[in-house]
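Asker: predicted coordinates and the sequence they were generated for:
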Amino acid sequence: MKYLISILLALTVSFSAATAASAQETTASAQEKIRVLLTFGGHGFEQEPFFAMFDAMKDVEYTKAPMPASADLLKPDLKKKYDVIVMYDMVGDLSAEQHNAFVALLNEGIGLVSLHHNMGAHRNWDEFRKITGGKFIFEPCEIDGKKYTKSGWSHGEDMKVTVADKEHPITKGLKDFEIHDETYNKYYTAADAKVLLTTDHPKNDPKLAWVQDYGKSRVFYFMLGHDAKAWANPNFAEILGRGIRWTAGK
């Protein structure tokens, strides 16, 4: 009888220890996930496959933030809840107070990933092109002494993508690839942005992806990603995931 009790006690202790270890692993796993605020709005897109791509990222947990309704979230205390903002919106201008709060947040430090048509967001707020390092031009203008005409685009193009920086964490180990996506051309790119990906497609400007700092924030702009055909390309999801991790400091 004493022997049986000893065995039962041993099994109970073992089970309790295993349960505690499992709980600790689950907590650690949750803590390790990168917390993402995902903005969208101002431009139509295929929502189901887009969000499914983020659902498949095992190290990311994200919150949907439709814009401009969620614009008030972009302020300094956001960094307490999120590690990275992924911007897929193309909203027009926000209020001056919202602009200032966003800049204050970036000056304190948070990861920022800007995707595809986000280049065309905040078209009348000049600071935004300084934040992302790019700008889609809707009306002829002059930036830093250079004249720009209207930017253009073309749907459903097959593009060859070249890895321009083979040592950066976002692109290290990646090979050149092809993708079916939308092209942009005649857009502004900051001269000092560190270019990671390029293309020689005649309907697209050469620079496809770059990184830079703004305030205390890491910024990654990725021009690709118009629709489900682009998102289904494994290279796109890989680069996006790496961009999220890099801007988060992971």
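Answerer: Arrived safely. Numbers count the residues shown, from 1 in each chain.
Asker: where do the strands of the protein begin and end?
Answerer: 34-40, 60-66, 84-87, 111-115, 134-135, 141-143, 146-148, 152-163, 177-185, 188-189, 194-199, 207-214, 217-222 (DSSP state E).
Asker: pick the most deeply packed of those strands.
Answerer: strand 84-87 (a mean of 26; mean count of other CB atoms under 10 Å). Quick note: C-beta positions are derived from backbone N, CA and C, even for glycine.
Asker: by contact count, what packs against that one?
Answerer: In this structure, strand 84-87 makes packing contacts with strand 34-40, strand 111-115, helix 234-247, judged by 3 or more CB pairs under 8 Å, 6 or more residues apart in numbering; DSSP states H and E.
Asker: pLDDT value on the spatially most central residue of the chain, please?
Answerer: Geometric centre of the chain, nearest residue: residue 113, 3.1 Å, by CA atoms, centre = their mean. Looking at residue 113, its pLDDT stands at 98.
Asker: cool, residue 250 as well?
Answerer: On pLDDT, residue 250 comes in at 84.
Asker: residue numbering should commence at 690 henceforth.
Answerer: Yes, from this point I'll number from 690; that puts the last item at residue 939.
Asker: make sure residue 894 is actually in contact with residue 876.
Answerer: Yes. Using CB atoms under 8 Å, residue 894 is in contact with residue 876, at 5.9 Å.
Asker: tell me the domain boundaries of this structure?
Answerer: Following automatic domain parsing, the chain resolves into domains at 690-721, 723-936.
Asker: these: lowest mean pLDDT?
Answerer: When I compare the domains of the chain, domain 690-721 is least confident, with a mean of 44.
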